[in-house]
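pasting the structure only:
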């Protein structure tokens with residue numbers, strides 16, 4: 001209970017109490033002994049809460065209805081039959097993790113649960129429909145009373161339910177079914193376990209199997225519906241595409257006819273005509289060239305002095321050959337006549353004339369041949385020109401056709417695309433039609449749910465283990481909450497860490513340290529009756545801490561105050577007065593609490609004059625003081641009607657009184673009012689050598705202490721430290737780690753009484 005004597009640290013209101021750091025540096029690490037002490041302090045609360053939770057868990061386990069869980073196993077089939085080589089409308093499921101998780105959610109969907117409810121008529125089962133449950137005793141009595149007054153029976157009332165109420169009732173049934181359903185994936189496999197819990201094992205098995213069967217049926221229905229919808233849509237689309245194909249092809253033919261784009265053997269008629277013209281033009285040009293060459297050769301021979309006989313055309317002429325034969329015959333006869341007759345012979349002349357006539361005919365024939373060649377060349381030229389003209393006309397027509405062919409190609413491409421689209425849709429329609437009756441589910445049942453033979457709940461060992469764990473957690477939570485809500489000050493270490501002030505000492509609760517026969521005594525009487533007791537020693541230790549709280553300063557005037565009323569302040573002041581008087585000091589206790597006058601109550605006196613009369617100079621100090629007979633100390637009380645609205649404590653008279661008391665006494669103890677309640681204490685505290693702030697152990701809120709200390713600091717008072725009052729030493733010895741009282745059990749036998 002003795003406190004380390006040192007210069008007190010000033011209270012720093014800006015630092016949060018219990019912060020991570022103190023003025024001397026970081027707070028020490030986790031203290032196991034402190035945690036144990038905190039736990040021991042709340043051990044009864046911990047045991048009570050833990051016991052209640054554990055008993056509740058046992059009651060819930062004992063009263064729980066046995067429930068049975070049946071499990072059906074399904075697997076997503078990664079293999080698929082391929083009866084026809086056609087792709088299905090609704091593709092099969094892939095076996096990745098996301099697909100498996102998706103199928104699990106489908107198994108837990110409300111739609112599937114509603115199908116199971118409808119299939120098994122679970123809305124008529126009282127286990128899932130609360131409206132069909134048997135009424136309890138109170139409900140039965142109320143139902144009987146309602147029947148007496150002509151109210152409808154429950155069954156009749158249910159029959160008159162509106163559609164909305166019936167739907168709401170069914171939704172509750174579905175909710176109850178879904179709460180009993182559990183769907184889990186078996187590890188990383190493709191197996192899904194569908195479990196259902198019910199009070200009836202056969203019912204649990206039946207519902208679990210129905211969930212699996214309805215899930216497979218729903219998959220098949222989804223594929224059938226998708227195929228039917230695809231076929232219906234394809235049929236409609238094919239009809240539209242068939243009309244579009246016919247219209248596109250008709251547009252192509254009409255445009256081809258309108259623009260003379262008829263074709264044969266892969267080419268248009270104009271292209272074929274141009275091809276023929278090209279061939280004919282080449283032929284006539286060759287003929288023209290040949291005729292011109294013959295004519296040019298004949299003219300060249302004639303120009304070279306030929307008589308025309310060696311002209312190619314003449315050589316091939318029958319007339320020229322016949323004339324040349326006659327000329328040869330006549331020329332032979334002329335030669336013969338020349339040798340027999342002279343040139344003037346009539347036969348000779350006749351022969352020469354005949355020869356000249358033949359030559360003239362040959363020349364005339366040659367000229368005719370040349371003229372014929374010229375005519376042939378002219379005809380060939382005209383034919384070539386005509387053929388070239390026809391070819392040019394055909395080419396013009398082809399150019400026009402080619403320009404029109406751009407639009408024709410566009411129409412042809414459109415018709416081809418529509419035709420291709422129509423063909424693809426037709427092929428797809430034939431595929432879907434062929435696979436319509438071959439649909440199969442993407443999953444299969446691996447193991448149907450068997451009727452369970454053992455209940456799945458309640459699991460007694462697990463429930464008890466969970467109950468024990470929950471009890472421990474609840475107990476610890478209650479202790480932590482109690483510690484958080486405990487805003488009082490318990491140990492000396494709390495005082496120093498939270499407020500930065502020395503702990504001056506702890507005044508025990510008398511009933512916690514006194515013998516049974518002495519517990520009816522007042523603390524002030526007990527210090528006189530038992531001067532060597534632990535209680536008196538605690539008061540004596542506090543006095544020593546106060547006197548040595550300011551090294552180098554003599555402390556004669558001490559102010560005792562607190563934050564709130566009923567902190568044990570007056571009792572402590574009277575005890576300090578008597579202990580100091582027993583040590584031989586001249587001590588006076590001044591009651592400065594104008595409203596309560598607790599000193600009078602403790603001493604059992606009611607004086608006529610007191611402090612106020614002295615300050616008003618109505619009576620001298622000696623007349624107002626009374627003697628405390630047990631200790632020999634002087635008491636300056638307050639008279640019965642001494643309350644005054646005047647500021648007597650801030651007056652010059654108060655200062656003069658304190659000066660005289662310092663001269664006449666060794667120790668002056670001022671018992672003041674609470675700081676937060678009365679402002680007079682601020683004035684008195686500033687005039688004292690030291691202010692002792694008292695707080696009731698575990699009762700005074702921490703924030704109230706902080707607020708009061710801040711007020712005293714602002715008033716200029718020197719707060720020597722904080723003392724704790726009414727400390728239960730037995731409790732402090734059990735869990736007051738960090739305080740001298742924690743070791744009370746070790747040193748209490750040291751005291752004689």
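It's in. On a predicted model such as this, the values are computed, not experimentally measured, just so you know.

which residues sit in contact with the nearest residue to residue 58 once chain neighbours are set aside?
Nearest in space to residue 58, with sequence neighbours left out and distances taken as Cβ to Cβ, 6 or more residues apart in numbering, is residue 467 at 6.6 Å. Heads up, the C-betas are built off the backbone N, CA and C, glycines and all. Shown in contact with residue 467 (Cβ atoms under 8 Å, 6 or more residues apart in numbering): 53-54, 56-58, 61.

show me which helix runs longest in this protein.
For the chain, the longest helix by residue count, based on DSSP state H, is helix 346-435.

tell me the buried residues in stretch 203-220?
For stretch 203-220, the buried set under the neighbour-count rule, 16 or more other Cβ atoms under 10 Å, comprises 203-216, 218-219.

in helices only, show me those residues.
For those, the ones inside helices are 203-216, 218-219, with DSSP H as the criterion.

nearest to residue 296, of these?
Residue 296 lies nearest to residue 219 out of those, by Cβ to Cβ, at 96.6 Å.

from residue 226, how far off is the closest one?
For residue 219, the distance to residue 226 (Cβ to Cβ, to the nearest Å) stands at 11 Å.

so who does residue 295 touch?
Neighbours of residue 295 in contact, by Cβ under 8 Å, 6+ apart: 370, 373-374, 376-377.

just checking, what packs against the helix or strand harbouring residue 684?
Taking DSSP states H and E as the criterion, residue 684 maps to helix 680-687. If contacts are counted by 3 or more Cβ pairs under 8 Å, 6 or more residues apart in numbering; DSSP states H and E, helix 680-687 sits against strand 557-562, helix 652-664, helix 702-715.

hmm, who's touching that helix?
Outside helix 680-687, the residues that touch it by Cβ under 8 Å, 6+ apart are 557, 559, 561, 592, 594, 647, 649-650, 654-655, 658, 670, 672-675, 691, 711-712, 715-717.

wait, is residue 189 part of a helix?
No: secondary structure of residue 189 (DSSP: H, G, I helix; E, B strand; the rest coil): coil, not part of a helix.

next, count neighbours for residue 466.
Residue 466 has 13 neighbours, counted by other Cβ atoms under 10 Å.

what about it, distance to residue 456?
From residue 466 across to residue 456, the span is 15 Å (Cβ to Cβ).

check residue 169 too.
Separation of residue 169 from residue 456 (Cβ to Cβ): 28 Å.

same question for residue 182.
Residue 182 sits at a distance of 10 Å from residue 456 (criterion: Cβ to Cβ).

if we can go back for a sec, closest to residue 299 out of the contacts of residue 295?
Within these, proximity to residue 299 (Cβ to Cβ) peaks at residue 370, which comes in at 7.3 Å.

model confidence for that closest one, exactly?
Per-residue confidence (pLDDT) for residue 370: 78.

now swap in residue 304 and tell me
Predicted confidence (pLDDT) for residue 304: 66.

quick one: residues contacting residue 698.
Going by Cβ under 8 Å, 6+ apart, residue 698 touches 486, 488-490.

and with 6 Å instead?
The contact partners of residue 698, by Cβ atoms under 6 Å, 6 or more residues apart in numbering, come to 488, 490.

and it, how close does it get to residue 635?
As for residue 698, its distance to residue 635 is 31 Å (criterion: Cβ to Cβ).

likewise residue 665?
With the distance defined as Cβ to Cβ, residue 665 ends up 12 Å from residue 635.

ranges for the strands of the stretch 551-700 of the chain?
Assigned by DSSP state E, counting those that start in this stretch, the strands in the stretch 551-700 of the chain fall at 557-562, 587-591, 626-628, 633-636, 667-671, 690-696.

ignore the last one, the stretch 401-550 of the chain
Applying DSSP E, counting those that start in this stretch to the stretch 401-550 of the chain gives strands spanning 443-447, 503-508.

mean pLDDT lowest where, among these?
When mean pLDDT is averaged over each of the strands of the stretch 401-550 of the chain, strand 443-447 scores lowest at a mean of 84.

what residues sit buried inside that one?
Using 16+ other Cβ under 10 Å as the test for burial, strand 443-447 gives 443, 445-446.

phi first, then psi, for residue 720.
Dihedral angles of residue 720 (phi, psi; degrees, to the nearest 10) stand at phi -70, psi -30.

related to what we said a few turns ago, closest to residue 460 among the buried residues of stretch 203-220?
Residue 460 lies nearest to residue 204 out of the buried residues of stretch 203-220, by Cβ to Cβ, at 19.8 Å.

any idea how far the closest one lies from residue 70?
Applying Cβ to Cβ, the value for residue 204 to residue 70 is 4 Å.

what do you get for residue 625?
Distance check for residue 625 against residue 70: by Cβ to Cβ, it reads 94 Å.

quick one, which of the two is more surrounded?
Taking other Cβ under 10 Å, residue 625 and residue 70 do not tie; residue 70 has more neighbours (24 against 20).

wasn't that one part of a strand?
Yes: counting by three-state DSSP, residue 70 is part of a strand.

so it versus residue 244, what's the distance?
Distance of residue 70 to residue 244, given as Cβ to Cβ: 58 Å.

and if you look at residue 177?
From residue 177 to residue 244 the distance is 52 Å (Cβ to Cβ).

ok, those two, which is more surrounded?
Using other Cβ under 10 Å as the criterion, residue 177 and residue 244 rank with residue 177 on top: 24 against 17.

quick one: contacts for that one?
113, 128.

my reading is that it lies in a helix. Confirm?
Yes: assignment of residue 177 by three-state DSSP places it within a helix.

which stretches of the stretch 251-400 of the chain have low pLDDT?
The model of the stretch 251-400 of the chain has pLDDT under 70 over residues 260-271, 301-302, 304-317, 397-398, 400.

just to revisit the earlier point, out of the contacts of helix 680-687, which end up buried?
Among the contacts of helix 680-687, the ones that count as buried by 16+ other Cβ under 10 Å are 557, 559, 561, 592, 594, 649-650, 654, 658, 670, 672-675, 691, 711-712, 715, 717.

pipe the strands of the stretch 401-550 of the chain into JSON lines and attach distance to residue 278 per row.
JSON lines is the format used below for these (distance: least, Cβ to Cβ, whole Å):
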{"stretch": "strand 443-447", "distance to residue 278": "74"}
{"stretch": "strand 503-508", "distance to residue 278": "129"}
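
and the ones you listed: which comes nearest residue 115?
Going by Cβ to Cβ, the one of these nearest residue 115 is strand 443-447, 16.1 Å.
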